[in-house]
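1. Have a look; sequence and predicted model below, questions after that.
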Amino acid sequence: MKLEAIKQEFELAGRTVTIETREIGRQATSAVMVDIEGTTVFVTCVASKSSDPSRDFFPLTVDYQERTYAAGKIPGGFFRREGRPSEHEILVSRLIDRPVRPLFDEAFTNEVQIIATVMSVNPEIATDIVALIGASAAVSTAGLPFNGPIGAVRVGYQNGEYVVNPTLSELKTSDLDLVVAGTESAVLMVESEANLLSEEVMLGAVMHGHEAMQVIINNIKELAGKVNADVFPFEKPEKNQALVDAVEKEARAGLEAAFKLQVKQERSDAISAVQAKAVEALVTDADDSFTESEVVREVSRISSDVVRGSILRGEPRIDGRDTKTVRPIEVKVGVLPRTHGSALFTRCETQAIVVATLGTERDAQIIDALEGEYKENFMLHYNFPPYSVGETGRVGSPKRREIGHGRLAKRGVHAVLPNMEEYPYTIRVVSEITESNGSSSMA
């Protein structure tokens, strides 16, 4: 049966946004094509029809991918085709994931995959915002238990005024590059880089962006109404009060005691012991009322409740601090004998060895982006080996989280570095996390 294409068109910051669905990718749970003045992104959402009741997490995967044909290019390399995702593709995948993930029903554990493919690019229109709008539209028209839609815009700041979705040329001279995503009533995510702006300007940018994204949210709602997708088969499990009461009785006192231990390893061991004791007491061959995964999930819920509850009651944090006190910081410089620059940063049980290397302009990283080739003369790489949290694990190429944390740290440092005209050197900074007990990206 041929389905009629459904189109939604609206104005956003003086540009026409077009969202089309039901013509392409019809075997996906939902699929949309989003275009803003020649930058076109095809976004699909597929949800598995089966779920694993023992699963205690939401298996959402977001993949953003750029095709070189979008810019009229042929890929480099021997095979002349796209390969592993670039750093930019990974960062945009994470950008999409963050505001979308928390809006799914917490009891929904079916596998969901969102794929955003850049199919055409206007070198002045950033692809990430188009992909975010597409992801929101795709999920909202899929009939899934999703408390959306969301909107997203980029906010720049030039000559004392906010600019919504500035062009890439305008962004080069902007004092602010801020992406904000949210729902009709709340902000979900902010990612930004700024040139030493005041808190007032930064907060104003967030609010300005939230107001500007309302037109996106309203139009995606309207599109979802036109599509009128079948509701995805999902029954929210009823709360098992007997399980809640049993685990509360068995574990809460032990967890409250465990979270008073200030040394991370001691605390982790105590929590594991409480969990093991609860499983042993409540999961037996003679009584199959509760499963191990149910007990573990409930222990995790109580753990969160204990920590959150103590903060809301104005009690000290786990390590005895109030909510405004920073952990003691110690910094040593020159810790490695033959490197250009090195430092050991320690903040209680979070620690990093950070090494800086200077190179010439020829050492700059060449980025072959869809918008054109450019050089990157400042690189910041973050490594998070498993030993930093006392675990064994895979060692190899950086994971998505490491790439994301490296970019986060880079954004914080970049504004205070001199430009290439004043300082014609390439700088590479590598942060080796040697211990972690929270906020290692800040280290």
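-> Thanks, I have it.
2. okay, the helix or strand bottoming out on mean pLDDT in the chain in CSV with CA atoms only?
-> Between all helices and strands in the chain, the lowest mean by mean pLDDT, DSSP states H and E belongs to strand 372-376, at a mean of 88. Output of strand 372-376 as CSV, limited to C-alpha atoms (Å, rounded to 0.1, in the frame of the first residue of the first chain):
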residue,chain,number,x,y,z
GLY,A,372,36.0,22.2,3.8
GLU,A,373,39.5,21.4,5.0
TYR,A,374,41.0,23.2,7.9
LYS,A,375,43.9,22.9,10.4
GLU,A,376,43.5,22.3,14.1
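3. Now tell me what touches the helix or strand that that strand is followed by from outside.
-> Once the chain leaves strand 372-376, the next helix or strand it forms, by DSSP states H and E, is strand 378-383. Residues external to strand 378-383 that are found in contact with it (Cβ atoms under 8 Å, 6 or more residues apart in numbering): 365, 398, 402-403, 405-407, 409-410, 413-414, 417, 426-433, 441. Bear in mind the C-beta positions are built from the backbone N, C-alpha and C, glycine included.
4. what do you get for stretch 215-232?
-> Residues external to stretch 215-232 that are found in contact with it (Cβ under 8 Å, 6+ apart): 6, 8, 10-12, 17, 19, 21-22, 29-30, 47, 133, 136-137, 140-145, 148-153, 183-184.
5. same for the helix or strand residue 279 falls within, what does it pack against?
-> When secondary structure is defined using DSSP H and E, the element that contains residue 279 is helix 264-282. Contact partners of helix 264-282 among helices and strands, from 3 or more Cβ pairs under 8 Å, 6 or more residues apart in numbering; DSSP states H and E: helix 241-258, helix 292-312.
6. any idea of the mean pLDDT for that helix?
-> Mean pLDDT, taken over the full extent of helix 264-282, equals 92.
7. Dump it to PDB, restricted to CA.
-> Below are the C-alpha coordinates for helix 264-282, written out as PDB (Å, rounded to 0.1, in the frame of the first residue of the first chain):
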ATOM      1  CA  LYS A 264      35.600   5.200  47.500                       C
ATOM      2  CA  GLN A 265      36.900   1.600  47.600                       C
ATOM      3  CA  GLU A 266      35.600   0.900  51.100                       C
ATOM      4  CA  ARG A 267      32.200   2.400  50.100                       C
ATOM      5  CA  SER A 268      32.000   0.300  46.900                       C
ATOM      6  CA  ASP A 269      32.900  -2.900  48.800                       C
ATOM      7  CA  ALA A 270      30.200  -2.100  51.500                       C
ATOM      8  CA  ILE A 271      27.500  -1.400  48.800                       C
ATOM      9  CA  SER A 272      28.400  -4.700  47.000                       C
ATOM     10  CA  ALA A 273      28.200  -6.600  50.300                       C
ATOM     11  CA  VAL A 274      24.700  -5.100  51.000                       C
ATOM     12  CA  GLN A 275      23.600  -6.000  47.500                       C
ATOM     13  CA  ALA A 276      24.900  -9.600  47.800                       C
ATOM     14  CA  LYS A 277      23.200 -10.000  51.200                       C
ATOM     15  CA  ALA A 278      19.900  -8.800  49.800                       C
ATOM     16  CA  VAL A 279      20.100 -11.200  46.800                       C
ATOM     17  CA  GLU A 280      21.000 -14.100  49.100                       C
ATOM     18  CA  ALA A 281      18.100 -13.400  51.400                       C
ATOM     19  CA  LEU A 282      15.400 -12.700  48.900                       C
END
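8. Buried residues in that helix, which are they?
-> Buried positions in helix 264-282, judged by neighbour count with 16 or more other Cβ atoms under 10 Å: 264, 267, 270, 271, 274, 275, 278, 279, 282.
9. show me where this structure has helices.
-> Listed in chain order, the helices of the chain (DSSP state H) span residues 87-100, 127-140, 168-172, 199-212, 214-227, 241-258, 264-282, 292-312, 400-414.
10. what sits up against the third one?
-> In this case it means helix 168-172. For helix 168-172, using Cβ under 8 Å, 6+ apart, the contacting residues are 123, 124, 125, 126, 154, 156, 158, 163, 177, 371.
11. I'd like those residues laid out as TSV, including pLDDT, distance to residue 437 and neighbour count.
-> Converted to TSV, the contacts of helix 168-172 look like this (pLDDT from 0 to 100; distance: Cβ to Cβ, whole Å; neighbours: other Cβ atoms under 10 Å):
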residue	pLDDT	distance to residue 437	neighbour count
123	93	44	15
124	95	44	15
125	96	42	19
126	95	36	22
154	98	34	24
156	97	37	20
158	95	41	14
163	97	40	19
177	96	31	19
371	85	40	16
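12. In a markdown table: the residues you listed, plus distance to residue 76.
-> Output for the contacts of helix 168-172, formatted as a markdown table (distance: Cβ to Cβ, whole Å):
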| residue | distance to residue 76 |
| --- | --- |
| 123 | 18 |
| 124 | 24 |
| 125 | 24 |
| 126 | 23 |
| 154 | 29 |
| 156 | 31 |
| 158 | 35 |
| 163 | 34 |
| 177 | 28 |
| 371 | 16 |
